[in-house]
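Colleague: have a look at this prediction, sequence included:
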Amino acid sequence: MKDVVLLTGAGQIGMAIARRIGHGKKIIIGDKNMDNAKTITKIMAEAGFDCEAFECDISSRDSIKSIIEKAQEYGEITYFINAAGVSPSQAPIEAILKVDLYGTAVLLEEVGKVIKEGGSGITISSQSGHRMEQLGAKIDEQLAMTPTEELLDLEVLQPENIKDTLHAYQLAKRCNVKRVMYEACKWAERGARLNSISPGIIVTPLALDEFNGPRGDFYKNMFAKCPSGRPGTADEVASVARLLMSDEGAFFSGSDILVDGGATASFFYGKLRPSD
């Protein structure tokens, strides 16, 4: 039996993190699109990692339970990486809330029931959750602590209160951060830790399409006006994740780390600040 790394979301960021922490462990790679899971599994296997692809739709609790059961066939889940989700340009409001908000909450809950003592988890949130207006202590508490099956019934998440897919995405990512804080307290009862990372624009195949598409000028302007002057890489996110998940990061729990090249700082106080 081996220690197991459970990765949901077969993309560049999830793979980069798994490569940093997965040596000598069994890595279960889950994605709703089995072709994506197989592609990442093949790349990692050819680099010497012990990987297996598994179909997983995080909007379904049954699907989440199935991948957890699969992982447990090989040993205890020691590391958990959630990089699954849909973007505002990929899905309608309902799907964003069902996958990014509800699905993440269920993942954190279900993995938290079985995570190994001394284990660690990371969920990938987004800078987007840091850019919306403050929701207030009451709504933050609701997003953090409402039972998962009642989350989508919250007033703040009703269609009439959501402007568009970007707003839905921002709400989902704000919920991710609050949910991590709540679940970190429960994970601690098993001697495990949980944190989140909120990346900015990271170079991936999808992002490259955006850079070269109709919204390319928007991205170029953002890069030019943020402190870093460029987008980030999956490896830069993975470097932070490795710290958070290692013994060197043992004092991190319930934290969210913003990794966006200063874009959010610029949005509020610098050259990217919206004009009135």
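Modeller: The structure has been received and is ready for your questions. Residues are numbered from 1 along each chain as shown.
Colleague: ok, and what's touching the worst-scoring helix or strand of the chain on mean pLDDT?
Modeller: For the chain, scoring each helix and strand by mean pLDDT, DSSP states H and E identifies helix 205-211 as the least confident one, at a mean of 75. Where contact means CB atoms under 8 Å, 6 or more residues apart in numbering, the residues beyond helix 205-211 that reach it are 12, 87, 89, 201, 216, 219, 220, 231. In this view, the C-beta of every residue, glycine as well, is placed from N, C-alpha and C.
Colleague: can I have the buried ones of these as a ChimeraX selection?
Modeller: Buried residues within these, by 16 or more other CB atoms under 10 Å, are selected in ChimeraX with:
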select :12,87,201,219,231
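Colleague: from the contacts of helix 205-211, which is closest to residue 176?
Modeller: When those are compared for distance to residue 176, the smallest value, 13.9 Å, is given by residue 87; criterion: CB to CB.
Colleague: which parts of the stretch 151-276 of the chain are helices?
Modeller: Taking DSSP state H, counting those that start in this stretch, the helices of the stretch 151-276 of the chain run over residues 165-187, 205-211, 216-225, 234-245, 263-269.
Colleague: so which elements touch the last one?
Modeller: Helices and strands touching helix 263-269, as assessed by 3 or more CB pairs under 8 Å, 6 or more residues apart in numbering; DSSP states H and E, comprise helix 128-131.
Colleague: quick one: the helix it packs on to chain centroid distance?
Modeller: For helix 128-131, the distance between its averaged C-alpha position and the chain's averaged C-alpha position is 14 Å (CA atoms, centre = their mean, to the nearest Å).
Colleague: after that helix, which helix or strand is next?
Modeller: Using DSSP states H and E, the helix or strand that directly follows helix 128-131 along the chain is helix 137-145.
Colleague: list the helices and strands that following helix packs on?
Modeller: Packed next to helix 137-145, using 3+ CB pairs under 8 Å, 6+ apart, are helix 165-187.
Colleague: please report how far the nearest residue to residue 161 once chain neighbours are set aside lies from residue 3.
Modeller: Spatial nearest neighbour of residue 161, excluding adjacent residues (CB to CB, 6 or more residues apart in numbering): residue 155 at 6.7 Å. In this view, residue 155 and residue 3 are 42 Å apart by CB to CB, to the nearest Å.
Colleague: the two - which one has more neighbours?
Modeller: More crowded of residue 155 and residue 3, by other CB atoms under 10 Å: residue 3, with 18 against 9.
Colleague: ok, back up a step: could you tell me the least trusted of the helices of the stretch 151-276 of the chain?
Modeller: Taking the mean pLDDT of each of the helices of the stretch 151-276 of the chain, the lowest value is held by helix 205-211, a mean of 75.
Colleague: restrict that helix to CA atoms and write it as PDB.
Modeller: Listed next in PDB are the C-alpha coordinates belonging to helix 205-211 (Å, rounded to 0.1, in the frame of the first residue of the first chain):
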ATOM      1  CA  PRO A 205      -3.500  26.200 -23.500                       C
ATOM      2  CA  LEU A 206      -6.900  27.700 -22.800                       C
ATOM      3  CA  ALA A 207      -5.300  31.000 -21.700                       C
ATOM      4  CA  LEU A 208      -3.200  31.200 -24.800                       C
ATOM      5  CA  ASP A 209      -6.300  31.000 -26.900                       C
ATOM      6  CA  GLU A 210      -7.700  33.900 -24.900                       C
ATOM      7  CA  PHE A 211      -4.500  35.900 -25.300                       C
END
